[in-house]
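In: Provided below for reference: sequence and predicted model.
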Amino acid sequence: MDRNARARAGGVVDVWAEITGAPEQQQQSTVQPIYQRRRQPSLPTPTDSDHQLRPQHSNHSRVSFAAAADAKRVSWNRSLSTRGRTSIAVAPCVANEPQQKQPRRRGKPPVPKGKIAEHPNFEKEREYFRDVDSFELLEESPSSKHFGTWATGNQTVPDPIPPISSRLEKWLLSKKINFSCGPSSTLSKILETPASMDHIYTDDLDSSIVKTLEKCGPKSLVQVCEDISASYGDQGCEDINASIRKLSLASTTTSHFDRIDPFTALLGICEQSTPLQFLDIFSKYCAPENIAKVGEGTYGEAFRAGNTVCKIVPFDGDFPVNGEVQKKSEELLEEAVLSKALNSLREFEKNDFNACTTFIETIDLKVCQGLYDAALVRTWEKWDEKNGSENDHPKEFPEKQRYLVFVLQHGGKDLESFVLENFDEARSLLVQVTAAMAVAEAAYEFEHRDLHWGNILLSRKDSVTMKFMLEGKQISFRTYGLSVSIIDFTLSRLNTGENILFLDLSQDPYLFKGPKGDKQSETYRKMKEVTEDHWEGSFPRTNVLWLIYLVDILLLKKTYLRSSKNERDMRSLKKRLDKYDSAKEAIFDPFFEDLLVNN
Ligand SMILES: Nc1ncnc2c1ncn2[C@@H]1O[C@H](COP(=O)(O)OP(=O)(O)OP(=O)(O)O)[C@@H](O)[C@H]1O
């Protein structure tokens, strides 16, 4: 039986076993631990009557969701501007702070000044849906076919441990599993970027750890962890067990592991010992006067520097930015791992099984600290004058502010503002997105979970075809000169083979309260139905939901040259998409057949 057939028949398909060539049984056990982006808070639910404030972890700035909901999330628009990551905990000081600007709607790119904002024409959409078959969701539930990835699905990590120790605990657990099953070090490979640890930020580390780190030389984060683990004795299962016991929640002693804070780990992943200044990074790509702001999001400011786009995301501060709680080191640590994993798909030479270049290339990741550079402020103000920024002025950042800079490939314009010329370009967009999602599903059980039109970038290139490697098979599609890049993996789910990175959207109920009939909010709601609010599980159907959303966008929101037959074809595609459970199935739809180029 082939993979797809097995999947359809309800069998567990272990991508990792196939990629690594290891037997399935062995591999399954390596995906047990959940690497949860945000720990389930044992906090009152929004319905709790007491609405009491309760500190979370040792971070006393966090309050209950209920309080957050009351104080902050007053409307769907407001919550849409907030990624689920940050929505479960809000600092009291944040809740009390006056909002400086009206935050943008989640995921929507800012509407440039001068550009007339198109109001959604719900009447037209309703009409459309009377004509076309309505978009009823099939009843879906996490079936046995997903069992392999559910692993410790119901496991909630009790509250009061520092995030990084739980990460390391999970790393140790996976290591322990690997001891009995042979090596499977996908995460290790992803993180195997040499980090110079000689002058690592050591404020929170005790001297023995510092010594261990100093001895390390250039090592990966995982290697560093291994060395620390080794400092307790042999690396046998016994010691790992002992280390895990040390990490036990019941333990009152602080283990060495607890001391490695996420910020240090983030520096490690960025191959840094200390934070840099902005110009240390930007000057690699262009002269300061040539830096130009190109876009903004709720969390990030995007600046063009040479051929790259540097997205600056402030983090760890205890005051809100753009009306939102700042991301934490641990959240960005995970986003960094996710970006690196998707980066690894780009290497066709190394990946003879699954590869594609559609996910935006992360060229570099760097931690910065300090005031916004004058050159950045200048271009920010220029952009503001022209487009009207919805973000806070970057001059407001204090000297101690930390930022993560994502140095990205320039991906072009987002689908919302890009002018498509004809139907060929529209279907080229669809096939590239579908194929990329299929590849990432196969490689990492990837689900984007937020593929709205602000997160698809488009540019025109000379190349006429785009190749993808899907489960060992190379496929190429006609592009009609269009090149697609997918960005923003904040809500994404990815299985590294050792850990599952995901965001617990059940902690962000307001995400699902968007206006009826709005395609984007309907899609979040449909995802919730599909996942039954268990976001750690593998539900590739969520990718299909975003494909359906994209078809709707292309039919309802974008204008380009198309015939009524083209529209009929697209509607038929939509009908068929409703029957698919994954992008891997969707990519074999007859709609894309014409675009397939024989290799
Ligand atoms: N690689 C890139 N190439 C070109 N433009 C980009 C790139 N990355 C980001 N941008 C621009 O910056 C904007 C904001 O980026 P992004 O969506 O990643 O930020 P964000 O803060 O995560 O946004 P959101 O509000 O969706 O959470 C994008 O809409 C796009 O216009």
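Out: That came in fine, so what should we check first? Keep in mind that what you see is a predicted model, and the values were worked out from it rather than measured.
In: how many other residues sit next to the closest residue to the ligand within the chain?
Out: Nearest residue of the chain to the ligand: Gly297, at 2.0 Å (C-beta to the nearest ligand atom). Where C-beta positions appear, they are placed from N, C-alpha and C, glycine not excepted. With neighbours defined by other C-beta atoms under 10 Å, the count for Gly297 comes to 25.
In: Asn598 too?
Out: 5.
In: contacting residues around Thr479?
Out: By C-beta atoms under 8 Å, 6 or more residues apart in numbering, the contact list for Thr479 reads 428, 432, 461, 463-466.
In: Let me know the secondary structure of Phe591.
Out: helix (DSSP: H, G, I helix; E, B strand; the rest coil).
In: Now it. Nearest residue, chain neighbours left out?
Out: Leu573 (4.2 Å; C-beta to C-beta, 6 or more residues apart in numbering).
In: which residues touch the one you found?
Out: 430, 551, 589, 591.
In: Please apply the same query to Leu451.
Out: Counted by C-beta under 8 Å, 6+ apart, Leu451 has contacts 433, 486, 543, 546, 549-550.
In: what's Ala292 sitting at in phi/psi?
Out: phi -140, psi 130 (degrees, to the nearest 10).
In: Could you report the neighbour count for it?
Out: Using other C-beta under 10 Å, Ala292 has 17 other residues around it.
In: wait, isn't it in contact with Arg304?
Out: Yes - in this structure, Ala292 is within contact of Arg304 by C-beta atoms under 8 Å, at 4.8 Å.
In: before we move on, back to that, turn the contacts of Thr479 into CSV, including neighbour count and distance to Lys382.
Out: Putting the contacts of Thr479 into CSV (neighbours: other C-beta atoms under 10 Å; distance: C-beta to C-beta, whole Å) gives the following:
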residue, neighbour count, distance to Lys382
Ser428, 23, 34
Gln432, 25, 33
Lys461, 11, 28
Ser463, 10, 33
Val464, 12, 37
Thr465, 13, 39
Met466, 24, 35
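In: now, which of these sits nearest Ser492?
Out: Set against Ser492, the nearest of those by C-beta to C-beta is Gln432 (17.7 Å).
In: tally of neighbours for the residue lying closest to that closest one once chain neighbours are set aside?
Out: Of all residues not flanking Gln432 in the chain, Val484 sits nearest, at 4.0 Å (C-beta to C-beta, 6+ apart). As a burial measure, Val484 scores 24 neighbours (other C-beta under 10 Å).
In: show me where pLDDT drops low in the stretch 301-450 of the chain?
Out: Counting by pLDDT under 70, the stretch 301-450 of the chain shows no low-confidence range.
In: who's in contact with Lys528?
Out: 505, 512.
In: Surely it is in a strand?
Out: No - using three-state DSSP, the secondary structure at Lys528 is helix, not a strand.
In: Quick check: it vs Leu577, distance?
Out: Going from Lys528 to Leu577 by C-beta to C-beta, to the nearest Å gives 19 Å.
In: what do you get for Asp424?
Out: Applying C-beta to C-beta to Asp424 and Leu577 gives a distance of 20 Å.
In: Next: Glu447.
Out: Glu447 is 15 Å from Leu577, by C-beta to C-beta.
In: what about these two, which has more around it?
Out: Glu447 (31 against 22).
In: Identify the residues contacting that one.
Out: By C-beta under 8 Å, 6+ apart, the neighbours of Glu447 are 441, 492-494, 538-540, 542-543.
In: could you redo the last one with a cut-off of 10 Å?
Out: 437, 440-441, 491-495, 502, 527, 530-531, 535, 537-543, 545-546, 582-583 (C-beta atoms under 10 Å, 6 or more residues apart in numbering).
In: Now intersect these with the strands, please.
Out: 494-495, 502 (DSSP state E).
In: Including pLDDT, distance to the ligand and neighbour count, could those go into a markdown table?
Out: Below are the ones in strands among the contacts of Glu447 laid out as a markdown table (pLDDT from 0 to 100; distance: C-beta to the nearest ligand atom, whole Å; neighbours: other C-beta atoms under 10 Å):
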| residue | pLDDT | distance to the ligand | neighbour count |
| --- | --- | --- | --- |
| Leu494 | 96 | 16 | 24 |
| Asn495 | 96 | 22 | 26 |
| Phe502 | 92 | 17 | 27 |
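In: Let me see the domain layout of this structure.
Out: 3-82, 150-260, 278-410, 423-597 (automatic domain parsing).
In: and these, which one is worst for confidence?
Out: Across the domains of the chain, domain 3-82 has the smallest mean pLDDT, namely a mean of 30.
In: that older thread, the residue nearest to Gln432 and Lys413 touch, don't they?
Out: No - in this structure, Val484 is not within contact of Lys413 by C-beta atoms under 10 Å, at 11.4 Å.
In: any common contacting residues for those two?
Out: Shared contacts of Val484 and Lys413 (C-beta under 10 Å, 6+ apart): 456-459.
In: which bits of the protein sit near the ligand?
Out: 83, 107, 109, 294-300, 302, 309, 311, 360, 408-411, 414, 454-455, 457, 487-488, 490 (C-beta under 6 Å from any ligand atom).
In: So which of those are in strands?
Out: Per DSSP E, those map to strands at 294-296, 302, 309, 311, 408-409, 414, 457.
In: Dump those residues into JSON lines; add distance to Arg562 and neighbour count as well.
Out: Formatted as JSON lines, these follow (distance: C-beta to C-beta, whole Å; neighbours: other C-beta atoms under 10 Å):
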{"residue": "Val294", "distance to Arg562": "29", "neighbour count": "17"}
{"residue": "Gly295", "distance to Arg562": "28", "neighbour count": "21"}
{"residue": "Glu296", "distance to Arg562": "32", "neighbour count": "23"}
{"residue": "Ala302", "distance to Arg562": "31", "neighbour count": "20"}
{"residue": "Val309", "distance to Arg562": "31", "neighbour count": "25"}
{"residue": "Lys311", "distance to Arg562": "34", "neighbour count": "24"}
{"residue": "Leu408", "distance to Arg562": "32", "neighbour count": "21"}
{"residue": "Gln409", "distance to Arg562": "30", "neighbour count": "19"}
{"residue": "Asp414", "distance to Arg562": "21", "neighbour count": "20"}
{"residue": "Leu457", "distance to Arg562": "22", "neighbour count": "23"}
